[in-house]
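Trainee: I would like to see how this sequence folds:
(one chain, ligands or ions: 1)
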Amino acid sequence: MRRFCAIVSMWGILLSQLAAFGQQAPAAEPLLGFTAKSSATERHWEQTFQQIPDPKLLRDYMQRLSARPHHVGSPYDKQNAEWILSQLHSWGWDAKIEQFQVLFPTPKTRLLEMTAPTAFKAKLEEPALAVDPTSGQQDEQLPTYNAYSPDGDVRGPLVFVNYGLPADYKQLERLGVSVKGAIVIAKYGNSWRGVKPRVAWEHGAVGCLIYSDPADDGYAEDRTFPEGPMRPKDGVQRGSVMDFPHAYPGDPLTPGVGATENAKRLDIKDAKNIAPIPTLPISYGDAQPLLAALTGPLAPETWRGALPITYHVGPGAAQAHLAVTFDWKLRPVYDVIGKIAGSTEADEWVVRGNHHDAWVNGAEDPVSGQMALLEEARALGELKKQGWQPKRTIIYAAWDGEEPMLLGSTEWAETHATELQQHAVAYINTDGNGRGYLLAEGAHSLEAMMNGVARDVQDPESGVTVWKRAQAKQISDAKDSEARARVRDRVDLQLEPLGSGTDYTVFEHHLGVPSLNLGFGGEDDGGIYHSIYDDFYWYTHFSDTDFVYGKALAQTVGLGVMRLADADILPYRFSNLSNAVHDYLKEVQDLLKQKQEQVKEQNRELEEGVFAAINDPRRPKVAPKQETVPPYINFAPLQNAADALAKSGEHYNKALATALKGTPDPAKLATLNGRLLTAERLLLNDGGLPTRPYYKHMLYAPGLYTGYAPKTVSGIRESIELKDYQLAEEEVPKVAKAVSDEAAFVEQMAVELENLPGR
Ligand SMILES: [Zn+2]
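Mentor: Numbers count the residues shown, from 1 in each chain. Model prediction:
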């Protein structure tokens, strides 16, 4: 579901003391977690693996899987699941379908009209295009809508709210505009879409429209489809508006437990993650007459899009009427789960997934990721035939129901939660792919391993490694010389933390399984996301048209899976984690300081009469109110914990390097790995984050008001952002406890490594 191309900078640069593990590491240096001998064997199998993925087959899979619309509950969704199952079987995998019953609403009626000052009825339809053969499959296409909008019939004045985020409503307040009782119209972008109705509702709006402005993914960027890749006038972004950031992802009726046939289910009215107000996505073709009818204050300059109109905020004479009803039915989701059993450490699981359901044909989202998963599975099956057997069990998952809001992955992981917490080593996710640079997000204990993988895969366009290309992009994009120096001087690329919007969420945030999210992108623009035009025709004309990046993705993820499954000692590196914790600590300290300075300055300007003196009586603005300056917060417990983790992380690195120089006893290693794999679980807190107990990870979470984008140390950071300084202070020891428990565990593991017999 998530759009990788919209994410600007996925790799940061590690402020690292890890110079010893430098980018220029000679090829002979053993892989992280391997002895010299096992590393050589691993490299042999990895080289064999890398030669197998075939662009021609990737193209065939895409054509097959995107041939018809395949949303949750559709005939082709089930057929695809069965086909994926048969492929896994043919490649020698032990595979089955696990089925769940989830609440998935589809539209019954959709009406949007303007009743004043002129009458206008929105079309709410995406036309078929003659050159695009699958765009005409109307009988099977879901209409344009936002899933988990409530039923409703509302009327009110229209107000334009920019991207519909909290900062936008602050500006509206200064303009003296209220949205109480209004229907707001927001632009798509800058947040996960479900944040928009949520914030509108918090400010008293009764309905929410979300449209795609041509400035963001339409003609202002490039030619529109089918002449170019961008969104045409009537193209609409479907999508879920489930309030998962404030509540929980997955089936609304079975929070925290698997949505199996006989699961106990909530009444729909008690489900906490249904959006609060009726919401509908529209095209810019439908939005333009509505926006053109607005009067009231001019929209602030940064709010204006690329439509040939003067953007006003409203309200004015423009009155809207929005009516939507849905068929609130339970529908089946089909997760395809394949397995290759491990040899000596079969109770340790490496899990890898990508969803197979789409909003419509979904060539880019999700098939461009799913096809790579399939080629990896075929290649691993091939290696097995040639005699390779992983130490650990590998589980491949083609999830269903990701688009409505991570239904298949969440319900599967909730069903198997206890086993996953006992056995899971890592989860690797993808969700689509394009042309360009490797984009990697994830748990920082996996960062060093991931850097190693990226240094061993060749970029198909430049011929350098995908690591080198990602680094080069960073140098080129760096905003100043300091940032550039940071890129050049440092050794490892830092993983961006995990937010949400795709299937790793339950693994990382709820169960504490260290996760990665990978993909290539950044070279092509597109405007077909979640529309009927995301199909084989579009992908083969405007994206990775020769499927070489599909191959690169299969190589990258496959190597990650193999290293995690084959290493003598699980390839975690905790000094990288400690590094990230230090960054986050500094960020929240800076954030508090910034808030204090901001409030002081604003109070001073109020006392000086600045706002009153510069007010334009013809375009009046409301002055802000005096605020209390934020108090100081005691970060010391977290500072101490972070330092302890740095120390134990270094100790662990030394102990690991020494242990791998010998020939450690396999049985002892199995016992050690069995404990080591629980390391990330210590970063969970049972009570979870404030106001959202589902999210238990103390370091990573989806932002309450960003959705896709992460908020790290959210309990502290988001409490400061929401001006609840007392809560922020209370959260410090909670985060500190998780980090210091982790530090103690890593220290203990270091000691055990030192005491391994067989050195
Ligand atoms: Zn997707």
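
Trainee: helix/strand/coil for the nearest residue to residue 217 once chain neighbours are set aside?
Mentor: Leaving aside its sequence neighbours, residue 217 sits nearest to residue 527 (CB to CB, 6 or more residues apart in numbering; 3.7 Å). For the C-beta atoms, the positions are set from N, CA and C on the backbone; glycine is no exception. With DSSP: H, G, I helix; E, B strand; the rest coil as the basis, residue 527 sits in coil.

Trainee: Then residue 173?
Mentor: If you use three-state DSSP, then residue 173 falls in the helix class.

Trainee: The nearest residue to it once chain neighbours are set aside: which element?
Mentor: If you skip the residues right next to it in sequence, residue 173 has residue 622 as its closest partner in space, 6.3 Å away by CB to CB, 6+ apart. When elements are assigned from DSSP states H and E, residue 622 belongs to no helix and no strand.

Trainee: Verify the stated contact: residue 622 with residue 172.
Mentor: No: the pair residue 622 / residue 172 is not scored as a contact, 9.8 Å apart, by CB atoms under 8 Å.

Trainee: Out of the helices and strands in the chain, which is least certain?
Mentor: None of the helices or strands of the chain scores lower by mean pLDDT, DSSP states H and E than strand 11-13, at a mean of 44.

Trainee: after that one, next one along is what?
Mentor: Scanning forward in sequence from strand 11-13 by DSSP H and E, the next helix or strand is helix 36-50.

Trainee: re the thing from before, which one of residue 622 and residue 172 has more residues nearby?
Mentor: A side-by-side neighbour count of residue 622 and residue 172, using other CB atoms under 10 Å, places residue 172 first with 22 against 13.

Trainee: ok, now which ones touch the more buried one?
Mentor: Shown in contact with residue 172 (CB atoms under 8 Å, 6 or more residues apart in numbering): 159, 161, 178-179, 313.

Trainee: Quick one, grab the pLDDT at residue 347.
Mentor: The pLDDT attached to residue 347 in the predicted structure is 98.

Trainee: residues near the closest residue to it other than its chain neighbours, how many?
Mentor: Excluding the flanking residues, the one nearest residue 347 by CB to CB, 6+ apart is residue 423, at 5.6 Å. Residues near residue 423, counting by other CB under 10 Å, number 22.

Trainee: wait, doesn't residue 423 sit right on residue 348?
Mentor: Yes: in this structure residue 423 lies within contact range of residue 348 using CB under 8 Å: 6.0 Å.

Trainee: Which neighbours do the two have in common?
Mentor: 393, 677.

Trainee: Quick check: phi and psi at the residue nearest to residue 347.
Mentor: Backbone dihedrals for residue 423, given as degrees, to the nearest 10, come out at phi -120, psi -20.

Trainee: What strand or helix carries the residue of the stretch 501-650 of the chain found nearest the ion?
Mentor: Among residues of the stretch 501-650 of the chain, the one nearest the ion by CB to the ion turns out to be residue 502. It sits 6.2 Å away. Using DSSP H and E, residue 502 falls within no helix or strand.

Trainee: Where does residue 262 sit: helix, strand or coil?
Mentor: The three-state label for residue 262, taken from three-state DSSP, comes out as coil.

Trainee: and it, how many neighbours?
Mentor: Other residues within reach of residue 262, judged by other CB under 10 Å, total 6.

Trainee: so what's it up against?
Mentor: Counting by CB under 8 Å, 6+ apart, there are no residues that residue 262 touches.

Trainee: What distance do you get for it to residue 101?
Mentor: Between residue 262 and residue 101 the distance is 9 Å, computed by CB to CB, to the nearest Å.

Trainee: Name the SS class of the residue of the stretch 651-759 of the chain at minimum distance from the ion, please.
Mentor: Residue of the stretch 651-759 of the chain nearest the ion, by CB to the ion: residue 708 (11.8 Å). Secondary structure state of residue 708, per three-state DSSP, is coil.

Trainee: how about it, what does it touch?
Mentor: In this structure, residue 708 makes contact with 2, 191-192, 499-501, 702, judged by CB under 8 Å, 6+ apart.

Trainee: And residue 378, by the same measure?
Mentor: 52, 57, 87, 91.

Trainee: Would you check that the second one makes contact with residue 375?
Mentor: Yes: counting by CB under 8 Å, a contact exists between residue 57 and residue 375, whose distance comes to 6.3 Å.

Trainee: Output stretch 157-173 as CSV, nothing but the C-alphas.
Mentor: Coordinates of each C-alpha in stretch 157-173 appear next as CSV, following Å, rounded to 0.1, in the frame of the first residue of the first chain:
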residue,chain,number,x,y,z
PRO,A,157,-20.5,24.5,3.9
LEU,A,158,-17.3,23.4,2.1
VAL,A,159,-13.9,24.4,3.6
PHE,A,160,-10.5,23.8,1.9
VAL,A,161,-8.0,22.5,4.5
ASN,A,162,-4.8,22.0,2.5
TYR,A,163,-3.5,18.5,3.4
GLY,A,164,-5.8,18.4,6.4
LEU,A,165,-3.1,18.1,9.1
PRO,A,166,-3.0,19.7,12.6
ALA,A,167,-0.7,22.5,11.4
ASP,A,168,-3.2,23.4,8.6
TYR,A,169,-6.0,23.8,11.2
LYS,A,170,-3.8,26.1,13.2
GLN,A,171,-3.5,28.3,10.1
LEU,A,172,-7.2,28.2,9.6
GLU,A,173,-7.7,29.4,13.2
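
Trainee: Where do the helices of the stretch 151-300 of the chain begin and end?
Mentor: Under the criterion DSSP state H, counting those that start in this stretch, the stretch 151-300 of the chain carries helices at the ranges 166-174, 195-202, 214-217, 284-292.

Trainee: deepest of those, which one?
Mentor: helix 195-202 (a mean of 25; mean count of other CB atoms under 10 Å).

Trainee: list the helices and strands that helix packs on?
Mentor: Other helices and strands packing on helix 195-202, by 3 or more CB pairs under 8 Å, 6 or more residues apart in numbering; DSSP states H and E, are strand 183-187, strand 207-211.

Trainee: any idea how far the closest residue to residue 255 other than its chain neighbours lies from residue 696?
Mentor: Counting by CB to CB, 6+ apart, residue 255 lies nearest to residue 248, which is 4.9 Å off, once chain neighbours are set aside. Computed with CB to CB, the distance linking residue 248 and residue 696 is 11 Å.
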